[in-house]
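Participant: With the input below, show me the fold.
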Amino acid sequence: MFIAMNIFTINNTRMAEFEEVWTNRERHLSEMQGFMNFKLLRGEASEDEKSRDYISHSTWKNSDDFWAWTKSENFKLAHKNKTPEGIIMGPPKFRSFETILDES
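Facilitator: Numbering: from 1, shown residues only. Presented below is the predicted three-dimensional model:
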C-alpha cells in the first residue's frame, strides 16, 4: 500500500472554516483505480495555541495509482475551489510512505 499525506498548519481561529471546506469538498477519490480510503485528521493545538496541524491522509494500492490520481480530471475537479485566504498558514507539506507492515 501507499499512503499520501498533506500536512496543513491552520490558524486556530479558523479551524471551523477549514473543516467546513473539507467536509463540503467534492473529492472524486472513490472513482479512482487503487483508491482505498481517505481521512482528514486534526492534531493538537500548537504550544502557543495559535495554530494546529491537520493531515489529509489517503491510502492507495500502490504509488502508481496515487500519481495517476494527481494527473487526472478527478484531481482537477477536487481542487477547483481554493481554501479562503488566511486559513492555511503557509504551504502544505507533502509526505508519502509505502507500507512495510500492516496488522489489522
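
Participant: Does residue 63 touch residue 3 like I think?
Facilitator: No. Residue 63 lies out of contact with residue 3 (Cβ atoms under 8 Å); the separation is 9.8 Å. For glycine as for every other residue, the C-beta is placed from the backbone atoms N, C-alpha and C.

Participant: Common neighbours of the two, please.
Facilitator: Common neighbours of residue 63 and residue 3 (criterion: Cβ atoms under 8 Å, 6 or more residues apart in numbering): 96, 98.

Participant: Off-centre distance for stretch 57-76?
Facilitator: Offset of stretch 57-76 from its chain centre (Cα atoms, centre = their mean, to the nearest Å): 12 Å.

Participant: Tell me which stretches of the chain form helices.
Facilitator: Listed in chain order, the helices of the chain (DSSP state H) span 15-24, 63-70, 73-78.

Participant: ok, what's across the strand from the spatially most central residue of the chain?
Facilitator: Residue closest to the mean C-alpha point of the chain, counted by Cα atoms, centre = their mean, is residue 56 at 2.2 Å. Residues in a beta bridge with residue 56, per DSSP bridges, are residue 6, residue 40.

Participant: residues contacting the residue sitting furthest away from the middle of the chain?
Facilitator: Most distant residue from the mean C-alpha position of the chain: residue 48, 24.0 Å away (Cα atoms, centre = their mean). Shown in contact with residue 48 (Cβ under 8 Å, 6+ apart): no residues.

Participant: Name the nearest residue to residue 89, sequence neighbours excluded.
Facilitator: residue 9 (4.5 Å; Cβ to Cβ, 6 or more residues apart in numbering).

Participant: I appreciate the help and will end here.
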